[in-house]
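J.: Structure for this input, please:
(4 chains)
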There are 2 protein chains.
Amino acid sequence: MCRVSLIPIRPGREPERRDAARNRELLLRAARELIEECGADGLTMGALANRAGVGKGTVFRRFGSRAGLMMTLLSDAEAEFQGRFMFGPPPLGPGAPPLERLVAFGTERIDWVLEFGELARAADVSAYNRFDVPAAVLWHRHLEMLLREAGVTADPWLMSTSLSAVLEPERILHALRVHGVATERLAASWCELVSRIVRAA
Amino acid sequence: MCRVSLIPIRPGREPERRDAARNRELLLRAARELIEECGADGLTMGALANRAGVGKGTVFRRFGSRAGLMMTLLSDAEAEFQGRFMFGPPPLGPGAPPLERLVAFGTERIDWVLEFGELARAADVSAYNRFDVPAAVLWHRHLEMLLREAGVTADPWLMSTSLSAVLEPERILHALRVHGVATERLAASWCELVSRIVRAA
DNA sequence: GATCCAAACGGACTGCGGTCCGTTTCTATT
DNA sequence: AATAGAAACGGACCGCAGTCCGTTTGGATC
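T.: Okay, here's the model as predicted:
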C-alpha cells in the first residue's frame, strides 16, 4: 500500500511542540470515548475540553471547528477506503472493467456509511463548501474517471455529481434507519442505476 | 386549479385569536424584510422578534423553529409548484408521456431552486426527518409514480430516492454558484440521466 | 543556566437557537 | 358589564459553537 497520505496534508509542516502533541492525543482519545458514550451527535466541544483536561480554546485551535474534529476522527477510515479504491484489488481497485468498479464502489461505500456514517454526517460542514473537502473531491473525480472509461461521454462531471448525491451519507442512513431498507437492497438499486447509465452509453 | 391546499393543513383548525393573527402577519412581513436585507442565512430569530415588535417566545410559538419559519415562507411557492406538476398543463402536468414529464419535472425544479433555493436550504431541518416533510414526500411519490408509468420495475421507490437526491437544492446551488454551471447544462444532464434510467426499462 | 519569543494555552465572553413559566389578553358565557 | 379560563405573550434563561486576548510554556540561542 502506498505510503503517501491521501488525506489533507499540510506540506512542510514543522514538528509540533511537545505540549501540543500531548494535548492532541488527549483530545482524540477523549473524543473517541465521548462518542462511544453519547454518540457523535451528543459530543459537545465543551465536554470534550473538560474530559481532556484542556481549555476550550485549545480544542478549537487544534481542530478549527466541530466539523473539523469529526473529519480528523474520520481520516483513518477515509484513507483506508481511498487506498482500496485507488490501489487495492479489483473489482474495487484497478484491473476490473469500469462498470464493475462502479458497482463495487457503491456497494462498498454503502457498507462504509453503515459503519462511519454518523461521524460522516457530523463532519459535514453545513456551508456550500461541504462538497469541496478533499475527500469529496477525490470521490467525485474517481467516479468521473470510471464513467469516462465506461464510455459515458455526456457531461461525466455532472453525472458524477449526481452519483455522489445518491451516495450521500445522510440519505443512505435515512433509508437504512428510518425506512428499514436493507443494505443489499440499496446496493442492488445502485447497481441498477449505474448499469443503466453506462449501458445506454 | 384545485382549491384544496396542497401544503400541510391542520384539519379542523379553529380560527386564531385576533392578536395571534395580527402577530403572524407582523412576523411574516418582518421576516421578508429581513431576508431582503440580510439574506435567509442572515436572519436571526431574535432580530425577527425585535423587528416585529414581539417577544422571542411568540416567534417560536408560531413557527416552532427557524426551519419551520422558512418552510412557512416557502409554502406559497411550493403550493404553486405542486399544483403545476399535479394538475397543470403538460409536459409537467398530466397528459404527456412519463419520460417527458420526468424531464420537465427536473427542468422546472432546477429553475425553482434557482429562485427559492436559498430559502429551501434554510428550511432544511438538519435532522434525519428532513426527507419526511410533506413536500419532500410528495415529490418523492410523484417521481416514483412517473418511474412506474415509464415501465421502471426495479425498485422504483429507491430509484425515486436517488432522483430526489440529484435534485436537492444544496447540490444544485453548489454547482450553480461555486462551479458556475449553467442551468441549461444541469437540465441537459438531468434529461440524460432520466432518459437512461427509463430507456433501459 | 539565563534569556527570549513564538507558539500554545485557557477560560471569560459573544451570539445564536430554543425553552420555560409567570403575566397579560382575548372571547365565550352569564 | 362581570367573570372565568384558555390561549397567547414576552423576556429571562439555558446550552452550545465559536472568538478573543491576557498568560504560560517549550525550546532554540547564547
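J.: Now do the spatially most central residue of chain A against A:Glu115, distance only.
T.: In chain A, the centroid-proximal residue (CA atoms, centre = their mean) is A:Glu78; its distance is 5.3 Å. Look at A:Glu78 and A:Glu115: by CB to CB, to the nearest Å, they are 12 Å apart. No exception for glycine: its C-beta is placed from N, CA and C like everyone else's.
J.: Surely A:Met71 is in contact with A:Ala122?
T.: No: A:Met71 is not in contact with A:Ala122 according to CB atoms under 8 Å; the separation is 9.3 Å.
J.: Which one's more surrounded, these two?
T.: A:Met71 (24 against 21; other CB atoms under 10 Å in any protein chain shown).
J.: who in chain A is up against chain B?
T.: A:126, A:128-132, A:154-155, A:158-159, A:161-162, A:165-166, A:168, A:170-171, A:173-175, A:177-178, A:181, A:185-186, A:188-189, A:192-193, A:195-197, A:199-200 (CB under 8 Å from any CB of the partner chain).
J.: which residues are in contact with stretch A:132-149?
T.: With CB atoms under 8 Å, 6 or more residues apart in numbering or on different chains as the test, stretch A:132-149 has contacts from A:6-8, A:71, A:78, A:82, A:85-86, A:98, A:101-102, A:105, A:125, A:130-131, A:156-157, A:159-161, A:163-164, A:167, A:197-198, B:178.
J.: Just the ones in helices from the residues you listed, please.
T.: Among the contacts of stretch A:132-149, the ones falling in helices (DSSP state H) are A:71, A:78, A:82, A:85-86, A:98, A:101-102, A:105, A:156-157, A:159-161, A:163-164, A:197-198.
J.: In PyMOL, select just the buried ones from those residues.
T.: With 16 or more other CB atoms under 10 Å in any protein chain shown as the criterion, this PyMOL line picks the buried residues out of those:
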select buried, chain A and resi 71+78+82+85+98+101+102+105+156+157+159+160+161+163+164+197+198
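J.: before we move on, back to that, so for the residue nearest to the centre of chain A, what's the pLDDT?
T.: Per-residue pLDDT puts A:Glu78 at 96.
J.: From the chain's centroid, how far away is the helix or strand encompassing A:Val194?
T.: Counting by DSSP states H and E, the element that carries A:Val194 is helix A:183-199. Distance of helix A:183-199 from the chain centroid (CA atoms, centre = their mean, to the nearest Å) equals 20 Å.
J.: if we can go back for a sec, give me the nearest residue to the residue nearest to the centre of chain A, chain neighbours excluded.
T.: Excluding its sequence neighbours, the residue lying closest to A:Glu78 (CB to CB, 6 or more residues apart in numbering or on different chains) is A:Ala135, at 5.2 Å.
J.: What residues sit buried inside the helix or strand hosting the one you found?
T.: Using DSSP H and E, the element containing A:Ala135 is helix A:134-149. When burial is assessed from 16+ other CB under 10 Å, helix A:134-149 yields the following buried residues: A:135, A:138-140, A:142-144, A:146-147.
J.: can you check stretch A:103-112 too?
T.: In stretch A:103-112, counting by 16+ other CB under 10 Å, buried: A:103-110, A:112.
J.: could these go into CSV alongside distance to DNA strand D and pLDDT?
T.: Output for these, formatted as CSV (distance: CB to the nearest atom of the strand, whole Å; pLDDT from 0 to 100):
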residue, distance to DNA strand D, pLDDT
A:Val103, 37, 98
A:Ala104, 35, 98
A:Phe105, 31, 98
A:Gly106, 31, 98
A:Thr107, 33, 98
A:Glu108, 30, 98
A:Arg109, 26, 97
A:Ile110, 28, 97
A:Trp112, 24, 97
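J.: List just the nearest of these to chain B.
T.: Comparing the buried residues of stretch A:103-112 against chain B with CB to the nearest CB places A:Gly106 closest, at 10.6 Å.
J.: give the contact list for that closest one.
T.: A:163, A:166-167, A:187, A:190-191, A:194.
J.: Is A:Glu170 in contact with A:Arg121, as I believe?
T.: Yes: contact criterion CB under 8 Å: A:Glu170 and A:Arg121 qualify, at 5.8 Å.
J.: Kindly report the residues of chain A close to DNA strand C.
T.: Listed as neighbours of DNA strand C in chain A under the rule CB under 7 Å from any atom of the strand: A:16-17, A:19-20, A:22-23, A:53-58, A:60-62.
J.: So which of those reach DNA strand D?
T.: A:17, A:19, A:56-57, A:60.
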